[in-house]
Structures are given as structure tokens and as C-alpha cells.
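**Student:** model this:
(2 chains, ligands or ions: 2)
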Amino acid sequence: MNQTIFEPWNDPNEKPLIQFKNVTKRFGDFTAIDDQTFDIFEREFFALLGPSGCGKTTMMRMLAGFETPTQGQIILAGQDIAPIPPNKRAVNMMFQSYALFPHLSVWDNIAFGLKRDGMTRDAIGDRVAEMLKLTRLEKFAQRKPHQISGGQRQRVALARSLAKAPKLLLLDEPLGALDAKLRQDTQFELMDIQETTGTTFVIVTHDQEEAMTVASRVAVMDHGKIIQADTPQTIYEAPVSRYVADFIGDVNMITGTAKARNPGSEPQGDPTPPSMQPPEKRDDAASGTPQRLDPQPNDAGRWLHDKVLKFVLGPRSDAPKRLPPPDPTRDAPLASAQATPQPVEAAPGGLEIHWHEGAPPLIASNGDPALDGQTVTLSLRPEKMSISKTRPDAPNVLHGKVVDIAYLGNISTYHVELPDGLKIKAQATNTRRVSQRDITWEDDVWISFRDTAGVVLVE
Amino acid sequence: MRRLILIFVPYLWLLALFLVPFLIVLKISLSDTALAIPPYTPTLDLGAGWQGVKDFLSQLDLENFQFLTTDDLYWKAYLSSLQIAVIATLLTLLVGYPIAYGMANAPDHWRPTLMLLVILPFWTSFLIRVYSWMGILSGEGYLNQFLMWTGLISEPLTILNTPVAVYIGIVYTYLPFMILPIYAALERMDASLLEAAEDLGCSRLQAFWLITIPLSKNGIIAGCFLVFIPTIGEFVIPSLLGGSQTLMIGKVLWEEFFNNRDWPVASAVAVILLLILIIPIILFQRNEQKQREAEG
Ligand SMILES: Nc1ncnc2c1ncn2[C@@H]1O[C@H](COP(=O)(O)OP(=O)(O)O)[C@@H](O)[C@H]1O
Ligand SMILES: [Mg+2]
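**Tutor:** Ligands and ions are numbered 1, 2, ... in the order given. Below is the predicted model:
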């Protein structure tokens, strides 16, 4: 898996395809884009995600050339694009409304851009045929846009914008008008097409699931600013602010006052505290990468193998590949498989969060002790919360009552109300644990989570 | 029952306002002139019963239509009217399209005002407006005074009583009929289509030809018919602005009616005119219907 990883943004030698340099866009005295600097790399599938009106379309329109930045520069392939008019840019856009030409057939719509390039008839015919095939529209070539369905129209718009093989394709809420099922299929189709054509895609969406599905990186926007631009996994696992955490997926947020914990209190039997890891490397079983869930020999097993069995069976063939170098962030969660809160002592250091008068503080050993005294929010994903009817032995335990259960097929989400009224969502797989099956409405339950399960947020 | 009435009402309307007058005119066109009131015979004498109707019908003939072919004044007048109507329609299109385009692209809050300005002339009498053009276009009129003041000309131009004046009058009078349908078509157009065209490599001008013009086609067609159809029969403008030079069938009609008091011949002229107009009217209806189908 690691060999094919695509992260040009981490490679200092990689030249970005697009650079925004302190770009500001104002409409009158309204600031739509507020001093943004960021890069997009070749072959990326970059998603702009944010609520309506946060400036996503404006960002795209500046790339396409329909708006010029009030301040700052946009560089495309090393060239400042400000003086280049839209019809001369190697950029094509798929419009939010599709903007298909109603008086032209599907074929002519797709051929429209090619004809402007002065290609020969045959070359145009070939290219259009290729595009029709790619988008599976061969049968509709002679129809007018009003004679085909919404999903087909959307594919015509995609084919038309891809026909000229642009360096950069801009997609403004391309799937907004499709129903859920078609939407999902089309997302995968888009990813396929992006991979086959090798085009750089910038997609605008207000649907977080869509962004997480298709994108290599997601930029979460709010009021004209990119709050965080990162891989979907990092955005999910290590949001930088409450806004991002709340925007992406389900989250529990508990706000309180942070207090630095004593780093010296060494608990027994845990030589590598996870607290030393930067948050984005923090990792646990929630990210279902198969290699991490593979059964691994424990220390005793390894010892047995190395000392005895090795001579009979030979070295374990998968040992070097499967066993990563000593990495506490991997080993730690393995020791306590997900949703099986074994007695784990909290690692030393980090923060205590005093969130409620009289309740024991929550321990976040991955929190930054420098936040001592500040108001912070502990953001916790529901799937990292365990629920049980008996009090478990875990670093963080909350007691409450089940007020709602959402059954989602293989998993259920329990809504638990704490005595002070705070509602916490905990998610659990349905088949895994018998003890949990009989949890029902109005039950008194215990919610527990590890000291590294949450992310401490200040903003 | 309700539905039947609903369907029936428009037909009743058509019957009362179009078919009945047409039949009356047709009847007169088949009669003969007479020094009487009304100035033609036969008149229908319903008091004589069925025999009266039979007598009446037996006296009708096509004499007046035959007469129209004997004098080349009539067909020349028809042809010249058609020619003037075609040229005037094209001129109105040339003037009206840019105005409609400008209105459709004006900021939203200006549009009601611009619309009002286009419709405003209808608030004064058509006759007065055409008369005032006489004041503008005559030898000592405002236009000549202005041009001489600017030094562009030293002698006054003869505009009044020439075909040019007729064209000016027609373009001025029928401009709103051209502007409004084109504006409606342009205003409905999605602005992102032009951006898409530009995005795909068109210049602004190409986008105009390839997108804007085809998409306003129905508006153009509607506007042209709305100008062309009434212009063919136009009478006031050529009489007031065209002088004796301009031959138009509307003027001929007027002269037959009121100067010669030959109602039957005048009616025959009117019937032929109507038959000529039916072709563009049907084409116009077809265009409207096609447009409705494309939208529905
Ligand atoms: N041409 C414009 N004139 C004035 N305000 C605009 C214009 N275009 C966009 N805006 C404003 O900029 C903000 C961002 O718009 P947009 O980029 O379309 O948002 P999004 O696509 O994220 O919904 C909105 O508040 C919008 O009202
Ligand atoms: Mg938008």
C-alpha cells in the first residue's frame, strides 16, 4: 500500500501546478476570498468543501478566468494567469448548472471546444467518439440536452469539459442535482476518469461525504478562508479546529478548562507513551487498513518463534513486510483492539480537561501541555467511544442514559445523555459484542474512551 | 360543461371580432358600386324572406377582383408595400436587437426603467407622434437645423416626403414590437452559457454568433412578424411622411374608400391584402407553437 502513496504536497521537490499567493477577492466591500495561499499539485483531486456562500465558486471562477483576484497572484504551471483570458487558459470548467447549449445536440456540445481549436473534422469525430465512450453516452449523441435525463446531462457536461484535455478541470458541485444512488456511482466514475486521464481535478462540493470519497486532499473552507487542507484521513482524524471537526462526520465535543498533567507519573508497563506523537501520525484501528488488523504474534509468540520454531519452520515470510519498525502509534492500539476497552492506564503527560463541576476530568494524554489554563474542546468521534452496561476500567469513563439508538445496519449509534444534559454519541458494531446487544432505551450505560481517542482543539 | 364554455369563449371571440367583419367585407367586395347609402348594391333585404336572400346572392360577382388585375396600380402597390415592409422590418431588427441586448445585459435594477422607456411612446397618440416627425424631418425641421448648426451640411436635406422618411417612421413606430420579444428571449438566456462558450475557447464575438444569436432566434422571428404584418397595410405613416412618392396598398385602400367612395373595390383590395397576410400570420403562429413545445 505504501508504495503507491500519492502525496506530492509532502515532497519539497515537487512543483505545484497551481499556486495561490495571498489571493484576496472582494465584491464591493464584501470579502469573498480572504488572503489565501496554497498549492495544488499535478494529478491531484482537490476538493473545496464548505457551506453555501463560503467562496468555493469564487475560487473556481478565478481559476477559470471569470473573476480576477482583487489582490495577490494565481500561478498556473509557473505562469501568472491574471492577463490570460478564459478562452486562452488550459483550464476547463464543468458548470454548476452544466450550461449545456440547448440548441446543440450532445455530439455538438462535446465537439464545441474542439471546433474552436481548429482541429480537422476527423480528429474532432474521433475525440468526440472517445468522450462519448468514456461517459457511456454513445446512444444519445444526436439528442438535444432537453431530451436526456439529469444524470446524462451531467455526463455530457463532463465529457464536454474533458474533451479538450485540459491541464486542469474545475468541477463546480458537479453531482448536486443527482439522487443519492446515481451520485455514488458517478463519484466512482469521476475518480476512474480522473485516474485514466491523469487530469488535475478541482472539485467544489458542500457534501462532506463526497469530498472524502473522491479527493486526494480536502480543503475545508469557511467565510472565504481555507481552514484546513489535508488528506481526507487527516481531516477526519486530526481536525485543526472545532469547525472542521464538526463539518466532517459525526463528532462529540466536550468543552472545558485544560490543565497540564504531570509528565513524570510513569505508569507501569507502557514504555512508549503515544503522547509523544504528533497528532496527524496518531493512528488507531478506526482507520480500517487491513495490514494493521492482520493477526500479529504477541511477544510470547514471537519469542517462541525466534527461539524455537524458526529452526523448524524457517523465518516468518511476512515478517519484514508486515511488522513495521517499532512504532508505538501502531502497537498501542493493537494491544487493545477497537471497542474492547481493556484496562489501560492513561499515558503520562498531556492534559486533563475539567469539563463539569464534580465530574472527574477527562484525560487527553495527546494534548499539548502548553494549553494549560485555556478553554479547550475535546473532539471525539463516536466510533472511538465504547459503550457498556458495567463500568469498564478505562482512562475516561462517563455515565449516562441511552436516549436514542440509530440502527444503521452493521453499526448502531447510541445517543447517551449525561446527567448534566450533554448528549454523547457512541457507535458500535452490531455483531461484535454480545454484552452490548441488550443495551436499549433508558438503560444506564457507561461510555469509555482512551486517553488518546480525542483531539484537543482550541479554536 | 365548464370546459366546453372555456373552449368556446375564444372561438366566440374570434367569430365576433374576425370572422363576422371579414364576411361583411367579403360581401361588399362582391357587390357593385351605387349612388346610395351605403354606396353599393345589392343590400340584403331580410324582410323579403328566403326569396330576398336568393336575390341577394344572385347579384354577387367577382367583377371587382377582375378590375384589380386590369389596373397595374394595384399589384404595384402590393409589391411596393411588401418591399417596404421587408426593408423596414430588417431596419427595425438592426436598431432593435442592440437595444434589446443592452436591456438584457443592464443591471437588474435598471431593467424596469428601461422597459418603461420602451413602452412610454404608447402613452401618446400614434397620430401625434407621426405628426411630430414631420416637424423633425421637414426642410426647416429640427434635424436639418441641427445638422446645419453642426456644420455637417450647408443645404437642408430633403427627407420628408421620401421613402427614407417612411422608413424612419416605421422603424420608430414599430420598434417596441421588435425589442420586447427579443428582450424576452435574451433575458431568459442563462449567462453561464456564454461563460461555458468562452471557457471552451470562444472569443466574445464568436460566443455571440454561436450562442446568443441562435438562442434569441425565436425572439427575432416573433419580432420580425410583429413588425412585418402591420407594416404591409400601413396607411398613416406613408400618407403623412411619404408624400405622393410612396406607393403603399394601405394608402390605395384609403383612397378607394374615402376619395372614390368605391367601397366594393376597396373591399376587394382589403380581401387580397388579408389573403397575403395569412401566410406570414400562419408562419408566425407555427413559430410560437414550436417554441412552446421546445420549452414544454
Ligand atoms: N459577482 C458577485 N457580486 C457580489 N457578490 C458575490 C458575487 N459572486 C459571489 N458573491 C458573494 O460571494 C460569496 C461567495 O460566493 P460563492 O463563491 O458563490 O459561494 P459558494 O460557491 O461557496 O456557495 C457569497 O456571499 C456571494 O454572495
Ligand atoms: Mg457555488
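
**Student:** alpha carbons only for contacts and neighbour counts from here, please
**Tutor:** OK.

**Student:** The closest residue to residue B:148 other than its chain neighbours: neighbouring residues, count only.
**Tutor:** In space, and not counting its chain neighbours, residue B:148 is closest to residue B:154: 5.8 Å by CA to CA, 6 or more residues apart in numbering or on different chains. Using other CA atoms under 10 Å in any protein chain shown, residue B:154 is surrounded by 12 other residues.

**Student:** Report the separation between residue B:154 and residue A:90.
**Tutor:** Separation of residue B:154 from residue A:90 (CA to CA, to the nearest Å): 58 Å.

**Student:** In this structure residue A:366 contacts residue A:378, no?
**Tutor:** No. In this structure, residue A:366 is not within contact of residue A:378 by CA atoms under 8 Å, at 10.8 Å.

**Student:** Which neighbours do these two have in common?
**Tutor:** Counting by CA atoms under 8 Å, 6 or more residues apart in numbering or on different chains, the shared contacts of residue A:366 and residue A:378 are A:455, A:456.

**Student:** Below-threshold pLDDT in the chain: ranges please.
**Tutor:** I'll assume chain A. Residue ranges of chain A with pLDDT under 70: A:1-4, A:264-344, A:431-437.

**Student:** meant chain B actually
**Tutor:** Checking chain B against pLDDT under 70 turns up B:295-296.

**Student:** At the contact with chain B, which residues of the stretch 51-200 of chain A appear?
**Tutor:** Counting by CA under 8 Å from any CA of the partner chain, the stretch 51-200 of chain A comes close to chain B at A:64, A:66, A:86-89, A:91-93, A:95, A:97, A:99-101, A:103, A:112-114, A:116-117, A:161, A:164.

**Student:** Buried subset of the residues you listed as a PyMOL selection?
**Tutor:** To isolate the buried members of those in PyMOL, using 16 or more other CA atoms under 10 Å in any protein chain shown:
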select buried, chain A and resi 64+86+87+88+89+91+92+93+95+97+99+100+101+112+113+114+116+161+164
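
**Student:** In helices, which of the residues of the stretch 51-200 of chain A next to chain B appear?
**Tutor:** Using DSSP state H, the members of those that fall in helices are A:64, A:112, A:113, A:114, A:116, A:161.

**Student:** ok, residue A:172 touching residue A:205?
**Tutor:** Yes. Under the criterion of CA under 8 Å, residue A:172 makes contact with residue A:205 at 7.0 Å.

**Student:** Return the residues in contact with the residue of the stretch 351-459 of chain A found nearest chain B.
**Tutor:** Of all residues in the stretch 351-459 of chain A, residue A:459 sits closest to chain B, at 38.3 Å by CA to the nearest CA. For residue A:459, the contacting residues are A:240, A:241, A:242, A:243, A:376, by CA under 8 Å, 6+ apart.

**Student:** Can you tell me, leaving aside adjacent residues, what's nearest to the fourth one?
**Tutor:** In other words, residue A:243. residue A:459 (7.9 Å).

**Student:** So that neighbour lies in a strand, does it not?
**Tutor:** No. Using DSSP: H, G, I helix; E, B strand; the rest coil, the secondary structure at residue A:459 is coil, not a strand.

**Student:** Look up how far residue A:46 lies from it.
**Tutor:** In terms of CA to CA, residue A:459 sits 25 Å off from residue A:46.

**Student:** same deal with residue A:182?
**Tutor:** In terms of CA to CA, residue A:182 sits 21 Å off from residue A:46.

**Student:** the more surrounded of these two?
**Tutor:** residue A:46 (24 against 12).

**Student:** give me phi/psi at the more buried one?
**Tutor:** With angles defined as degrees, to the nearest 10, residue A:46 sits at phi -100, psi 120.

**Student:** residues contacting the residue in the stretch 51-200 of chain B positioned nearest to chain A?
**Tutor:** Residue of the stretch 51-200 of chain B nearest chain A, by CA to the nearest CA: residue B:200 (4.5 Å). If you count contacts by CA under 8 Å, 6+ apart, residue B:200 has them with A:87, A:92, A:112, A:113, A:114, A:116, A:161, A:164.

**Student:** Over to residue B:208?
**Tutor:** residue B:194 are the contacts of residue B:208 under CA under 8 Å, 6+ apart.

**Student:** how about it, secondary structure?
**Tutor:** Quick answer, by three-state DSSP: residue B:208 is helix.

**Student:** can you list the domains in chain A?
**Tutor:** Domain ranges of chain A: A:8-250, A:254-264+A:335-457, per automatic domain parsing.

**Student:** ok so residue A:452 is a helix residue?
**Tutor:** No. Residue A:452 is assigned coil when assessed by three-state DSSP, not a helix.

**Student:** who in chain A is up against ligand 1?
**Tutor:** Contact residues (CA under 6 Å from any ligand atom) of chain A with ligand 1: A:27, A:32, A:52, A:53, A:54, A:55, A:56, A:57, A:58.

**Student:** From the residues you listed, pick the one nearest chain B.
**Tutor:** So of the residues of chain A next to ligand 1, ranked by how close each gets to chain B (CA to the nearest CA), first place is residue A:57, at 12.7 Å.

**Student:** which non-adjacent residue is nearest that closest one?
**Tutor:** For residue A:57, the spatially nearest residue (CA to CA, 6+ apart) is residue A:172, at 6.7 Å.

**Student:** need the contact list for that neighbour.
**Tutor:** A:57, A:60, A:93, A:94, A:95, A:96, A:203, A:204, A:205.

**Student:** Can you spell out which residues form a bridge with it?
**Tutor:** For residue A:172, the beta-bridge partners under DSSP bridges are residue A:204.

**Student:** quick one: it from residue B:273, how far?
**Tutor:** Distance of residue A:172 to residue B:273, given as CA to CA: 56 Å.

**Student:** thinking again about what came up before, out of the contacts of residue A:172, what pair is the most spread apart?
**Tutor:** A:93 and A:205 (14.1 Å; CA to CA).

**Student:** what about the nearest residue to residue A:455 once chain neighbours are set aside, is that helix, strand or coil?
**Tutor:** Closest residue in space to residue A:455, ignoring its immediate chain neighbours: residue A:379 at 5.2 Å, by CA to CA, 6+ apart. Secondary structure for residue A:379, judged by three-state DSSP, is strand.

**Student:** and the residue of the stretch 51-200 of chain B nearest ligand 1?
**Tutor:** residue B:107 (11.7 Å; CA to the nearest ligand atom).

**Student:** Helices of the stretch 51-200 of chain B, start to end?
**Tutor:** Ranges of helices within the stretch 51-200 of chain B are B:63-70, B:72-105, B:111-119, B:126-137, B:142-150, B:163-188, B:191-199, based on DSSP state H, counting those that start in this stretch.

**Student:** Same list (those helices) but as TSV, adding mean neighbour count.
**Tutor:** Converted to TSV, the helices of the stretch 51-200 of chain B look like this (neighbours: other CA atoms under 10 Å in any protein chain shown):
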stretch	mean neighbour count
helix B:63-70	15
helix B:72-105	19
helix B:111-119	14
helix B:126-137	16
helix B:142-150	15
helix B:163-188	22
helix B:191-199	22
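
**Student:** mind giving me CSV with those and columns for distance to residue A:224?
**Tutor:** Shown next, in CSV, are these (distance: least, CA to CA, whole Å):
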stretch, distance to residue A:224
helix B:63-70, 77
helix B:72-105, 28
helix B:111-119, 31
helix B:126-137, 56
helix B:142-150, 56
helix B:163-188, 31
helix B:191-199, 23
